[in-house]
Every structure is written in C-alpha cells, then in structure tokens.
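*Asks:* model this:
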Amino acid sequence: MRKMILSFSFEWYEQLKSGEKIYEHRKRFCKEPVEAYIYIGLPYRQLVAIVELGKPENIEDWLEKYSYDEEAVERIKDYLTRNKVAMPIFSFQEIEPIDMRRMEKDISGFRVPISYMFLDDKPELLKYIDLRTKYKNKRIEHDFTHISSKDICVC
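*Replies:* Model (predicted):
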C-alpha cells in the first residue's frame with residue numbers, strides 16, 4: 001500500500017478522531033488505497049495520526065444509488081459543489097505529534113504539501129517519520145458492509 005502525507009483541516013480532525021467521520025472527501029485523489037500520515041496545518045504544523053483510506057468512490061454515483069432518500073440526495077448535491085470523490089476511512093490511529101517545522105530543518109528540500117505528497121520515492125523522509133511514530137490511544141476501525149444513505153456526505 002502506498003504511503004503519503006495528507007494535509008487535513010483542523011476543523012474536520014475532531015470528527016475524524018472521534019470516529020464520526022468515515023469518508024474523506026476531496027476534489028481529486030489518487031486511484032488506489034493508501035496509508036496517510038495526517039498533517040494538521042497552522043498553528044499546529046504537525047503529523048498527528050495515520051489513516052488507511054480505501055479506493056475513491058465517485059460522489060456523483062451516489063445520486064443514483066441513494067435516490068430513494070431525498071435528504072441524502074440534497075447532501076450529495078451540496079458535497080458535489082466542493083468535492084468529486086470520497087474515500088472510505090478504514091482505520092484511524094492517533095500518534096504523538098511530529099513537528100513539521102523541525103522536519104523542514106532536518107530534511108533538505110522538504111516542504112509540507114498543500115494537499116498530499118507520496119512518500120514511496122522519498123525513503124529518507126519516510127524513515128524520518130517512521131522512526132518518530134509513536135502510537136497513542138485506541139485504533140479506530142470502520143466496517144463498510146452496512147453503509148446506508150444516512151452515513152454518506154455527513155462530515
């Protein structure tokens with residue numbers, strides 16, 4: 001599974017951390033499942049968690065799939081004004097924060113990504129992160145076998 005750093009807004013992080021957020025929505029994303037180190041920007045500038053994201057689903061396809069639920073259709077239409085794909089969040093694991101300011105000083109040429117950055121071709125960076133990763137709290141896992149219209153486009 002590919003690994004990446006994924007920039008994430010603090011406003012949504014609490015819902016991710018609580019397990020309430022089960023899909024990550026983006027305008028575009030890679031086409032395969034990934035393991036992502038979650039980066040929270042200013043004022044924190046830290047890696048704070050690891051998530052396992054599944055293959056993206058086209059949000060537009062949900063209009064037909066959940067057409068029986070008018071409220072869901074309205075939520076989907078609203079999300080489509082900002083996003084095109086949704087990735088199931090299979091797991092969330094909080095980690096001790098890793099300071100990105102320090103990482104930028106320690107690794108020549110590294111800059112925090114605006115959206116996401118793959119780590120597969122950056123072995124020095126991946127090793128740096130792996131050596132500093134310390135898990136905390138309980139891992140959250142989501143099972144997507146019983147997803148209903150009430151579960152989509154809500155966070």
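
*Asks:* Could you list the single helix or strand in this protein with the lowest mean pLDDT?
*Replies:* Least confident helix or strand of the chain, by mean pLDDT, DSSP states H and E, is helix 10-18 with a mean of 90.

*Asks:* residues in contact with it?
*Replies:* Here helix 10-18 makes contact (CB atoms under 8 Å, 6 or more residues apart in numbering) with 8, 21, 38, 40-41, 44, 48-49, 51, 89, 92, 94, 155. Using the backbone N, CA and C atoms, a C-beta is placed for each residue, glycine as well.

*Asks:* who's in contact with the residue located most distally from the centre of the chain?
*Replies:* Distance from the C-alpha centroid of the chain, by CA atoms, centre = their mean, peaks at Y68 (28.5 Å). By CB under 8 Å, 6+ apart, the residues touching Y68 are S149.

*Asks:* Looking at the contacts of helix 10-18, state which has the most neighbours.
*Replies:* Within the contacts of helix 10-18, most neighbours by other CB atoms under 10 Å means A49, with 25 neighbours.

*Asks:* Quick check: which element contains that one?
*Replies:* Element membership for A49, per DSSP states H and E: strand 46-53.

*Asks:* what does that strand rub up against?
*Replies:* Applying CB under 8 Å, 6+ apart, the set of residues contacting strand 46-53 from outside is 1, 5-6, 13, 16-17, 24, 33-40, 87-95, 97-100, 129, 133.
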